[in-house]
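> here is my input; please provide its structure:
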Amino acid sequence: MNTFFGKKAPFMVAFLVLLILGPYGDSRVSAIDSSTYKSLKTFSEVLDMVEKNYVEPVETDKLLQGAINGMIKSLDPHSSFMTAEMYKELEVETRGSFGGIGIEITLVKDVLTVVSPIEDTPAYNAGVKAGDQIIRIDGKSTKDITIMDAVKQLRGPKDTKVTITILREGMAKPKEIEMTRSTIKIRSIKSKVYDEHIGYIRLASFQERTGDELKKALREIEAKAHPLKGIVLDMRNNPGGLLNQSVEVSDAFLKSGIIVSTRGRSKNMESKSVAKDDGDEPTCPMVVLVNEGTASAAEIVSGALQDNGRAVILGAQTFGKGSVQTVIPLEDGAALKLTTAKYYTPKGRSIQAEGITPDIVVKQIQPPEEKAEEKANAENHMLREKDLKGHIKSPTENEVKVDDAKKETDNLDKDNQLKNAIDILKSWDILKKNMKG
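All right, here's what the predicted structure looks like:
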């Protein structure tokens, strides 16, 4: 049964050697050690056994893709292998338009978890929240699912339906939420002026043109304010996005100083971004709003403004996604998204698994209607047989209807964090006068 030196084995060994070393491998490495060769020999033997002896015919390409997926999945929740189709989807997403429900997801302790819902999308409007655990998609368990598989199941053509089953901290039992997919056109920037003097900028995600859109929003609020006495930058539930855009956004508020640095095993993954003085940066006081759904690029901006003393950070501890993923295209149109470095704030703090701690911690007060809903569902719940993949179904399944009411985020009576931020900026001049006196 040993086929290591058969027709297929040399190709397999060469293929896996390329994956292990890759184009970003250490140039000093000239050979693979004997233990790796033994593992590759075992792999080839197992592949041959499966192909010849499995109860049904199998496709070799499918087996190889499964092996690659398993290898990459063992690294961390953010590294993944993307087929050509998945890679195209990723490129479309960074341009800000795709079909789906509008959520950023990750794996937390092997559980599919919502990083944050994207504003004004089906998921946001249905009440999906940061931290929600997705235990089923269309009735199928998400146990052992990969991020890419989950994305593939959640996305789809406009007007088609998908149902997710979630568990939430404090929730009595799983809740099914049915949503109709739509074309997700992410508008990364919204702005307005409060009380004639306080500019408000909502930054929902970091897309290809976010930096340009931010500068446009700054010009608009400066024209409307009489004069501009403070800025609130709202990055709550911002799942992140493109690194270069987080640097542009930070630079728009900073005249000097380090913005972010990255460090990895390879020297070519080390970098440092520094702010430059363009002469048009606003100089008024700033408050940045963050919460548990503030992640990745949004944490870079928060850390840069905090460490450079440019803004007061207000809200809750952020998500803590501080790793760099490099997308490496492959010859057949597929790609490898690989974690290659970690982000560090200007003062050298690692964001990874820690997040940004606000200067002023203010928890979001839950609206009365949401408290009533959770109280109405109150009963103890633990993971049970029916939650497991492949369980034998009972004649009936619990059904939970969704309240499709949408929370207004810009209503100060309902948004205590935003109200706190505006109150701080309104009293800034008074505090300065008192301190001088």
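
> centre of the chain versus stretch 64-72, how much separation?
23 Å (Cα atoms, centre = their mean, to the nearest Å).

> residue numbering should commence at 388 henceforth.
Understood, numbering begins at 388; the last thing we discussed is stretch 451-459.

> could you export it as PDB, CA atoms only?
Extracted C-alpha coordinates of stretch 451-459, given in PDB (Å, rounded to 0.1, in the frame of the first residue of the first chain):
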ATOM      1  CA  LEU A 451      -6.700  17.800  -1.000                       C
ATOM      2  CA  GLN A 452      -8.800  20.900  -0.400                       C
ATOM      3  CA  GLY A 453     -10.100  19.400   2.800                       C
ATOM      4  CA  ALA A 454      -6.500  18.700   3.900                       C
ATOM      5  CA  ILE A 455      -5.400  22.300   3.100                       C
ATOM      6  CA  ASN A 456      -8.500  23.700   5.000                       C
ATOM      7  CA  GLY A 457      -7.700  21.500   8.000                       C
ATOM      8  CA  MET A 458      -4.000  22.600   8.000                       C
ATOM      9  CA  ILE A 459      -4.900  26.300   7.800                       C
END
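
> neighbours of Asn695, how many?
20 (other Cβ atoms under 10 Å). C-beta: built from backbone N, CA, C; applies to glycine.

> quick one, strands of the stretch 688-824 of the chain?
Counting by DSSP state E, counting those that start in this stretch, one finds strands in the stretch 688-824 of the chain at the ranges 699-702, 710-716, 722-731, 747-748.

> can I get these in a markdown table including mean neighbour count and mean pLDDT?
Shown next, in a markdown table, are the strands of the stretch 688-824 of the chain (neighbours: other Cβ atoms under 10 Å; pLDDT from 0 to 100):
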| stretch | mean neighbour count | mean pLDDT |
| --- | --- | --- |
| strand 699-702 | 22 | 98 |
| strand 710-716 | 16 | 90 |
| strand 722-731 | 20 | 93 |
| strand 747-748 | 12 | 98 |
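
> relative to Glu657, how far out is Arg676?
Not quite, residue 676 is Leu, not Arg. Distance from Leu676 to Glu657, counting by Cβ to Cβ, to the nearest Å: 31 Å.

> what's the answer for Leu725, then?
16 Å.

> any weak-confidence spans in this structure?
Residue ranges of the chain with pLDDT under 70: 388-419, 479-484, 754-798, 820-824.

> domain map for it?
395-412+419-469, 471-482+484-572, 576-752+797-823 (automatic domain parsing).

> what's the span of the second one, first residue to last?
Yep, that's domain 471-482+484-572 we're talking about. End-to-end span of domain 471-482+484-572 (Cα to Cα, to the nearest Å): 22 Å.

> so how far is that domain off the chain centroid?
12 Å.

> in the stretch 488-637 of the chain, which spans are strands?
Going by DSSP E, counting those that start in this stretch, the stretch 488-637 of the chain shows strands at 490-495, 498-504, 520-524, 527-528, 548-554, 562-567, 569-572, 576-581, 585-590, 617-621.

> can you redo these as a markdown table with distance to Asp667 and mean neighbour count?
Shown next, in a markdown table, are those (distance: least, Cβ to Cβ, whole Å; neighbours: other Cβ atoms under 10 Å):
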| stretch | distance to Asp667 | mean neighbour count |
| --- | --- | --- |
| strand 490-495 | 31 | 20 |
| strand 498-504 | 31 | 23 |
| strand 520-524 | 43 | 19 |
| strand 527-528 | 52 | 14 |
| strand 548-554 | 44 | 19 |
| strand 562-567 | 42 | 18 |
| strand 569-572 | 29 | 16 |
| strand 576-581 | 16 | 18 |
| strand 585-590 | 14 | 24 |
| strand 617-621 | 14 | 25 |
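
> for Asn803, find the nearest of these.
Closest to Asn803 of these, according to Cβ to Cβ: strand 617-621, at 13.4 Å.

> next, the angle from that closest one to strand 585-590.
Using axes from the mean of the first three to the mean of the last three Cα atoms, to 10 degrees, the direction of strand 617-621 lies 20 degrees away from that of strand 585-590.

> residue contacts, Gly644?
Val661, Ala662, Ala691, Asp694, Asn695, Pro733 (Cβ atoms under 8 Å, 6 or more residues apart in numbering).

> Leu629 now?
Thr481, Phe593, Gln594, Glu595, Thr597, Ala684.

> ok, now which ones touch the second one?
Okay, so that is Phe593. Ser575, Asn625, Gly627, Gly628, Leu629, Gln632, Ser633, Val636, Ala684, Ala685.

> top of those by neighbour count?
Asn625 (34 neighbours).

> that one contacts Ala682, correct?
Yes. Asn625 is within contact range of Ala682, at 7.1 Å (criterion: Cβ atoms under 8 Å).

> just to revisit the earlier point, can you tell me which of the contacts of Gly644 are buried?
Ala662, Ala691, Asp694, Asn695, Pro733 (16 or more other Cβ atoms under 10 Å).

> the one helix or strand Lys439 maps to - contacts with which helices or strands?
Per DSSP states H and E, Lys439 falls inside helix 421-440. Packing partners of helix 421-440 (3 or more Cβ pairs under 8 Å, 6 or more residues apart in numbering; DSSP states H and E): helix 395-408, helix 447-460.

> fine by me, thanks again.
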